[in-house]
Every structure is written in structure tokens, then in C-alpha cells.
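Undergrad: make a model of this:
(one chain, ligands or ions: 1)
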Amino acid sequence: MRSKLVVGNWKMNGSRAANASLLTGILEGLDNARAKVAVCVPAPYLYQCQELLQGSPVAWGAQDVSCHPVGAYTGEVCMSMLQDFDCRYVIVGHSERRAYHGESNELVAKKAKAALDAGLTPIVCIGETLEQREAGQTMEVVDAQLDAVLEAVGREAVDKIVLAYEPVWAIGTGKTATPAMAQEVHAALREKLRACNADAAQNTLVLYGGSMKPDNAADLMAQPDIDGGLIGGAALKAADFLAIIRAAQ
Ligand code: PGA
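TA: Just a heads-up that it's a prediction; the model follows:
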């Protein structure tokens, strides 16, 4: 059986004071959560997470990483830096990176491979825009996004990645895919993973993301192929994040 994973994606939010109070609130309210929990935070706060979360059940990670190992890439953060702060996860291919920073399927795939090579778990985001959904292209889009990653990481890594299906039209909009809509895509993704590596696909965690909140989390995560959530807005309030974690079990 796959365990559930709930990941907070803080995006470009936080301050030392706000993070300390959020993380303390999460740790205090966590009481024996069965779901796995992680927060992916802005790079400057990785040290603070390491200090506050080390030895706790909450893992931490980054929201992006360079595909290059080191060198003259101004403004970038590389994998060994994430290792330096004991990151377990790194989000790659978030739709905001794809849309605002022009990240291609190939670049995202390279980042996923580099993360695996460094011993980190990439949380690979895929998802269609509203326009693509309305044009009936959802599966075509997510297939191409996933294909690039599978090709780069290889079939033996099918259960070493975490996949996050995040319909772009549901991110930060308050519009969530219904549990049935999300399950339909998740089931198709699982089928695709199975075609690549049938045994491993049983263990791959496929998260849903896009306006997951305390009031819809339980229904979404009750779907057979939804293994947890990637949470944006609702991860910034300890009470909401904890409610989602509780809904996962
Ligand atoms: P949201 O963001 O929960 O605020 O919609 C999710 C995400 O972008 O990962």
C-alpha cells in the first residue's frame, strides 16, 4: 500500500519570523500523523528549516534547482547546495516555472534526473491549462510532460520520483478539479507508469495539486490513485495544513 504524502509549496512567501511560527505550529499539531509530510520553501530559508525540522517527522526541500552541477549560472541554486541543507525533496517543473521562466519538458526532465542522481526525490509537476482542457488536450499535454521525464530517468526510477498532477486552471484560483476529474487523470497516469514499469508503478506516489483545502482534501485523497497533495495557499496556515494532513489518513 502506498502511504500518503502531503507537501506544502510555500512559493515566494515567508519571512524568518513567519516561518518559525508556521513550522512550530505544524510540529505542535502533528500528533502521530500517518501521512508523510514535507515543506518546500524558498532557498534562503532552507537553513532555517534544517534547524527547526531536523529530527522531526517533517521533511523539507526546495521549489526548483539548476540542472547544472556548479559554475557560472548567476542566480541559480544547484543540487549540491540542496544536499548541504539535507533537503529530501525538490519540486521540478511547477507550472509557474514553465509559464514564467519558459521551462521546457526537456529541461524539467533534466532537473528530475539530476535530483535522482544526487539522492533527492524530485516532485515532478505536470498539468494542462484551461485552454488545453477545453480543447480536449489534457492527456496529450500531461503525456508529453511525463514522457520526457520517464525517458530521462529510465524505467527503474519510476517509483523514485513523485508525480504531482496540477491542472494549471486550478492553481491558486479556488477552482478545484472534482475528485472524479482528478481521479480520471491520475488513473491514466498510473496506467502510463505501469506501461513503463508495472511493478514500480504500484509504488509511485501521484499527488494532486490545485486549490486543495481542508474542505475538499479528504474527498480528493480518498480516490484510489491520488496519493496526497501538493498544497500552495493552504500550506501557509498551520491549521489548514494540519487539517489537510489529517484528511490524508
Ligand atoms: P494552490 O497551489 O494550492 O495555492 O492552488 C498549488 C501549487 O501550485 O502547488
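Undergrad: pull the contacting residues for the residue of the chain found nearest the ligand.
TA: Ranking the residues of the chain by distance to the ligand (Cβ to the nearest ligand atom) places residue 232 first, at 2.3 Å. C-beta coordinates here come from the backbone N, C-alpha and C atoms, glycine included. Contacts for residue 232 (Cβ atoms under 8 Å, 6 or more residues apart in numbering) come out as 9, 11, 171, 172, 209.
Undergrad: rerun at 10 Å
TA: 8-11, 13, 94, 96, 166, 171-172, 209-212 (Cβ atoms under 10 Å, 6 or more residues apart in numbering).
Undergrad: cool, residue 243 as well?
TA: Contacts of residue 243 by Cβ under 10 Å, 6+ apart are 29, 213, 214, 215, 217, 218, 234, 237.
Undergrad: quick one, which of those are buried?
TA: Among the contacts of residue 243, the ones that count as buried by 16 or more other Cβ atoms under 10 Å are 213, 214, 217, 234.
Undergrad: wait, the second one touches residue 235, no?
TA: No - between residue 214 and residue 235 no contact is recorded; they are 11.4 Å apart, counting by Cβ atoms under 10 Å.
Undergrad: circling back: count residues in the vicinity of the nearest residue to the residue of the chain closest to the ligand once chain neighbours are set aside, would you?
TA: Leaving aside its sequence neighbours, residue 232 sits nearest to residue 9 (Cβ to Cβ, 6 or more residues apart in numbering; 5.2 Å). For residue 9, the tally of surrounding residues (other Cβ atoms under 10 Å) stands at 27.
Undergrad: you'd agree residue 9 is up against residue 39?
TA: Yes - using Cβ under 10 Å, residue 9 is in contact with residue 39, at 8.3 Å.
Undergrad: who touches both of these two?
TA: Counting by Cβ under 10 Å, 6+ apart, the residues touching both residue 9 and residue 39 are 61, 231, 235.
Undergrad: so how do I select the buried members of those in ChimeraX?
TA: Buried members of those, defined by 16+ other Cβ under 10 Å, are picked up in ChimeraX with:
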select :61,231,235
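Undergrad: now narrow the contacts of residue 243 to whatever sits close to the ligand.
TA: Among those, the residues that sit close to the ligand (Cβ under 6 Å from any ligand atom) are residue 234.
Undergrad: and the buried ones among the contacts of residue 243, which two are the farthest apart?
TA: Pairwise distances across these (Cβ to Cβ) peak at 8.2 Å, for the pair 217 and 234.
Undergrad: say whether the ligand is contacted by the helix or strand of the chain with the lowest mean pLDDT.
TA: The weakest-scoring helix or strand in the chain, judged by mean pLDDT, DSSP states H and E, is helix 130-134 (a mean of 94). No - if you take Cβ under 6 Å from any ligand atom as the test, helix 130-134 misses the ligand, and the best it gets is 13.8 Å.
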